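[1] the sequence and its predicted three-dimensional model are supplied below.
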Amino acid sequence: MRHPRGLVLSGCLASLIVMTILSAAVGWSTPNLISRTWTHHITTLLFFGFGLRSLWDGFMEDGDDDELAEVEAKLDADQKDNTKKVKEGSKDGDELKKKRRPFLTQFFSPIFLKAFSITFFGEWGDTSQLATIGLAADENPFGVVLGGILGQALCTVAAVLGGKSLASRISEKIVLLSSGVLFIIFGIQSFLSPVES
């Protein structure tokens, strides 16, 4: 909401693409370490576990938007700090800062790198990453990567373009309950499908 949408979107998308490819690679290599039967059963259990956890969280959701308020307060504090620093700096100082910038910021915008790193580390170990690993262990990893990137891209574009208005219109409870039902459906499908050797 505070930075150019193009930079934020490209940073988030780049991060999610890298995360999806890494997760699919881990999932693809897992059957080489553990038998395909075990990876299939583990994937099935993960889907049921994620579904039940999402349903639990959805039913226990009290409707408070504490997290959104907390993020907005943090963004306000960051913006105030940044405006102070900009006012204090001079043109000579700006040139000196450019020369001292870390290596990656010589080639990428600091906003791009911030969006990339926040998204990358925020998604690390998240349900979507674990689901990608499980799917890639049990299904075609190229299809998983393409589907994962497409799904993540659609959600990220909606979040960046919609921002606060989207968050205020879509209930977190509905999202949790919907994702819980979908994970349960995926678990049932995985349970009923035969294990490929």
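    Now that the structure is in, tell me what you want to look at. Quantities reported herein were computed from a predicted structural model and do not represent experimental measurements. Residues are numbered from 1 along each chain as shown.
[2] next, the buried residues of stretch 118-134.
    Thr119, Phe120, Glu123, Ser128, Gln129, Leu130, Ala131, Thr132, Ile133, Gly134 (16 or more other C-beta atoms under 10 Å). C-betas here are computed from N, CA, C, even on glycine.
[3] sorry, wrong one. I was asking about stretch 31-43.
    Pro31, Thr39, His40, Ile42, Thr43.
[4] then stretch 44-62?
    Quick answer for stretch 44-62 (16+ other C-beta under 10 Å): Thr44, Leu46, Phe47, Phe48, Phe50, Gly51, Ser54, Leu55, Asp57, Gly58.
[5] possible to save the buried residues of stretch 31-43 as JSON lines with distance to Arg169 and secondary structure?
    Compiled in JSON lines, those are given as follows (distance: C-beta to C-beta, whole Å; DSSP: H, G, I helix; E, B strand; the rest coil):
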{"residue": "Pro31", "distance to Arg169": "42", "secondary structure": "helix"}
{"residue": "Thr39", "distance to Arg169": "39", "secondary structure": "helix"}
{"residue": "His40", "distance to Arg169": "39", "secondary structure": "helix"}
{"residue": "Ile42", "distance to Arg169": "37", "secondary structure": "helix"}
{"residue": "Thr43", "distance to Arg169": "33", "secondary structure": "helix"}
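[6] tell me the one of these nearest Ile170?
    Thr43 (28.4 Å; C-beta to C-beta).
[7] for that closest one, which non-adjacent residue is closest in space?
    Gly134 (3.8 Å; C-beta to C-beta, 6 or more residues apart in numbering).
[8] contact partners for that neighbour?
    Gly27, Thr39, Ile42, Thr43, Leu46, Phe47 (C-beta atoms under 8 Å, 6 or more residues apart in numbering).
[9] tell me which element it is part of?
    Gly134 is part of helix 127-138 when elements are defined by DSSP states H and E.
[10] now Asn32
    Element membership for Asn32 (DSSP H and E) is helix 5-33.
[11] distance of Thr119 relative to Thr44?
    29 Å (C-beta to C-beta, to the nearest Å).
[12] count of residues packed around Phe112?
    23 (other C-beta atoms under 10 Å).
[13] use 619 as the first number for this chain going forward.
    Sure, I'll start counting at 619 from here, so that last one is Phe730.
[14] list the contacts for it?
    Phe730 touches Leu625, Val626, Ser628, Gly629, Ala632, counting by C-beta under 8 Å, 6+ apart.
[15] near the third one, how many other residues are there?
    Ser628 has 19 neighbouring residues, counting by other C-beta under 10 Å.
[16] need the buried residues of stretch 662-680 in TSV with secondary structure and pLDDT, can you?
    Listed next are those as TSV, based on DSSP: H, G, I helix; E, B strand; the rest coil; pLDDT from 0 to 100:
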residue	secondary structure	pLDDT
Thr662	helix	86
Leu664	helix	84
Phe665	helix	83
Phe666	helix	90
Phe668	helix	84
Gly669	helix	87
Ser672	helix	85
Leu673	helix	90
Asp675	helix	85
Gly676	helix	84
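[17] Val813: which of the contacts of Gly752 is nearest?
    Thr657 (8.9 Å).
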